[in-house]
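S.K.: could you look at this predicted model? Sequence included:
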Amino acid sequence: MNNEFLWRNQMRKQAEAVEPAHDLWPAIAARLSATAASHRRSRRSQLGWLAIAATLVVAGGAGLTAWRWQRAVPLPPVAMTATDAQPVAAQPVVAQPVANSGAATAELTALDWAVPDDPALVASAQNLDSASAQLQDALEQRPDAVFLVGLLNRTNSMRLRLLRKSPNAG
Amino acid sequence: MHGAALSMNVPGYEVPLRADDTSLVRRSVAGDTAAFEQLYRGHVGRVHGAILRLVGMDRARAEELTQDAFVRAWQKLSGFRHESAFSTWLYRLGVNTALMDLRGKHDEVAAPDDELEFAAGGEVPFCAGERSDIERAVSKLPPRARAVLVLHDVEGWKHEEIANELGMAVGSSKAQLHRARGLLRRALADS
């Protein structure tokens, strides 16, 4: 037998399974749980941003429809009423997100967003209402996101303009 | 190592008869950690053994890397295509985890291949050694030379596979093996 054969034969005998001195499973299981929790957080965050992106698309589409309608059918100016929406203030939302979100929802409910008479605007109004609700949900999750406050103000503002175009408004 | 029932060498544990790897993998992919635990218990010895030899019998480091390997396996399991045996896939992943650790260390100065051959001192006659002597001598080899020797002579890899995993030329793998064998034979002769 040559050296190479003897050597390889000797070395191959080293290739045995060796169980660890400690059971590694509890530590591995803990890391798997942490990984799963992190994955869930990441997924929730992704869904949140997807919702915001969808909201922007919806609000943009509704705003475009309203803008086209406004250009096509110019209406006489409507006087401001007591029900004109107040812009959502950024600071209170940051300080007390849950309470103010509830207040904002209550405000929307009180206004009862009148449905425009023009059927062409009904879908836009519904889209804007939906966008507004989604933005408020997003604000509950990310109360520190100032840009969401800006988006919510713009969406509510568009919705009010739509309302004012309704012949029965005010 | 895969398939039917397995023995469990860790004290205090008795592994029940386990299902075949394919169904355990499918259950694990669906998030069943109990199924993955069965895979762990069935394969940890082989994976840990290979890692232990690659890290020079450093038991604490080997256990850390074995944990890493199984966590990586859990994360990558959905990419396992059942084209090879699960045991082979897991073993390669374990070895790769140890080699990644080796590649992350820059404390070994790369020497030219001809210098490696010279350092090996040419052909050294076969030298028999006790298992523990061989393990001790292998653990004292420089990390890259040890990795090549363990993968080629112990684990049975080809130079092409080793070169690919370690990011070196095939000639470098051969030179490292020559060097490692020379150093190892001398260490065994001295012991």
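M.R.: Thanks, I have it. What you see is a predicted model; the values in this text were computed from it and never measured. Numbers count the residues shown, from 1 in each chain, chains lettered A, B, ... in the order given.

S.K.: and for B:Ser84, the neighbour number?
M.R.: Residues lying near B:Ser84 (other Cβ atoms under 10 Å in any protein chain shown) number 10. Backbone N, C-alpha and C define where each C-beta goes, glycine included.

S.K.: and the pLDDT for it?
M.R.: According to the prediction, B:Ser84 has pLDDT 87.

S.K.: excluding chain neighbours, what is closest to B:Arg27?
M.R.: B:Ala35 (3.6 Å; Cβ to Cβ, 6 or more residues apart in numbering or on different chains).

S.K.: secondary structure element for that neighbour?
M.R.: Counting by DSSP states H and E, the element that carries B:Ala35 is helix B:33-54.

S.K.: average pLDDT for that helix?
M.R.: Averaging pLDDT along helix B:33-54 yields 96.

S.K.: pull out the buried positions in it.
M.R.: Across helix B:33-54, burial judged by 16 or more other Cβ atoms under 10 Å in any protein chain shown covers B:33, B:35-54.

S.K.: check the gap between A:Leu32 and B:Gly42 for me.
M.R.: Separation of A:Leu32 from B:Gly42 (Cβ to Cβ, to the nearest Å): 17 Å.

S.K.: helix, strand or coil for A:Glu19?
M.R.: coil (DSSP: H, G, I helix; E, B strand; the rest coil).

S.K.: and it, how many neighbours?
M.R.: Counted with other Cβ under 10 Å, A:Glu19 comes out at 19.

S.K.: so it touches B:Gly45, yeah?
M.R.: Yes - with contact defined as Cβ atoms under 8 Å, A:Glu19 counts as touching B:Gly45 (4.8 Å).

S.K.: quick check: end-to-end length of stretch A:140-151?
M.R.: Length of stretch A:140-151, first residue to last, Cα to Cα, to the nearest Å: 14 Å.

S.K.: repeat for stretch A:12-31
M.R.: Using Cα to Cα, the end-to-end distance of stretch A:12-31 comes out at 34 Å.

S.K.: now for whichever residue of chain A sits closest to chain B, how many residues are close by?
M.R.: Ranked by Cβ to the nearest Cβ, the top residue of chain A for proximity to chain B is A:Ala17, at 3.3 Å. For A:Ala17, the count of nearby residues is 14 (other Cβ under 10 Å).

S.K.: how about the helices in the chain?
M.R.: Chain wasn't specified; assuming chain A. Here chain A has its helices, by DSSP state H, at A:3-12, A:25-72, A:90-95, A:97-111, A:119-141, A:146-165.

S.K.: oops, I was thinking of chain B
M.R.: Ranges of helices within chain B are B:21-29, B:33-54, B:59-76, B:86-103, B:113-120, B:131-139, B:143-149, B:159-166, B:170-190, based on DSSP H.

S.K.: just the pLDDT for residue 26.
M.R.: This is for chain A. pLDDT at A:Pro26 comes out at 96.

S.K.: was after chain B, sorry
M.R.: B:Arg26 is assigned a pLDDT of 93 by the prediction.

S.K.: B:Leu177 too?
M.R.: On pLDDT, B:Leu177 comes in at 92.

S.K.: before we move on, what about the one 5 residues further on?
M.R.: Here, the pLDDT recorded for B:Gly182 equals 88.

S.K.: if I look at it, how far off is A:Pro20?
M.R.: From B:Gly182 over to A:Pro20 the distance is 32 Å, taken as Cβ to Cβ.
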